[in-house]
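S.K.: Build me a model from this:
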Amino acid sequence: MRLDLTRAAPEAHEALLALERAIRQFALDPRLLELVRIRSSQINACARCLQNHTRAALARGETPGRIFQLPAWEDSPHFSARERAALRWTEAVTRVRDGHVPAEVYRAAREQFTEAELVELTVVIGSINMWNRLNIAFRTHVDPE
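M.R.: Alright, predicted model coming up:
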């Protein structure tokens, strides 16, 4: 590990934890949010977040089979229309550099989510992207299994 965020910048770490506490109050299904966090972490190749959020998803009742199929969610029959819209939104927001968020992705997300839900979903995506970048940049420890 290059540095310990909690010691190097405790205020920044606390701000991120405060955001996570706020996210726990969101009305969105926690299992859906874990799928979103896992998918974003797959795109960013963040081993620490993949480990943490895969464990969290399993603890929340997610099935290993759906987690295994997450990289191929578009071809899998095991995801609902709402989950597909969330995963498509996650990919577009995480890869915002690749042409921003296309209008058709926004329209599909709005068909499944209220305005408030879409804001909340985007906050979760932004949060996990921040954690991914911190963990990757500072080479945060990943527990061996």
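
S.K.: So which elements touch the helix or strand that contains residue 122?
M.R.: Assigned by DSSP states H and E, residue 122 belongs to helix 115-137. Packed against helix 115-137 by the contact rule (3 or more Cβ pairs under 8 Å, 6 or more residues apart in numbering; DSSP states H and E) you find helix 10-23, helix 30-44, helix 47-59, helix 81-94, helix 103-112. Quick note: C-beta positions are derived from backbone N, CA and C, even for glycine.

S.K.: Tell me, how many residues neighbour residue 75?
M.R.: Using other Cβ atoms under 10 Å, residue 75 has 8 neighbouring residues.

S.K.: please begin residue numbering at 15 from this point
M.R.: Sure thing, new numbering starts at 15, so read that last one as residue 89.

S.K.: Look up how far residue 68 lies from it.
M.R.: Residue 89 sits 20 Å away from residue 68, taking Cβ to Cβ, to the nearest Å as the criterion.

S.K.: before we move on, what about residue 51?
M.R.: Separation of residue 51 from residue 68 (Cβ to Cβ) stands at 9 Å.

S.K.: more crowded one of these two?
M.R.: residue 51 (27 against 19).

S.K.: quick one, what contacts the more buried one?
M.R.: Taking Cβ atoms under 8 Å, 6 or more residues apart in numbering, we find residue 51 in contact with 63, 67, 70, 138, 142.

S.K.: Many thanks, have a good one.
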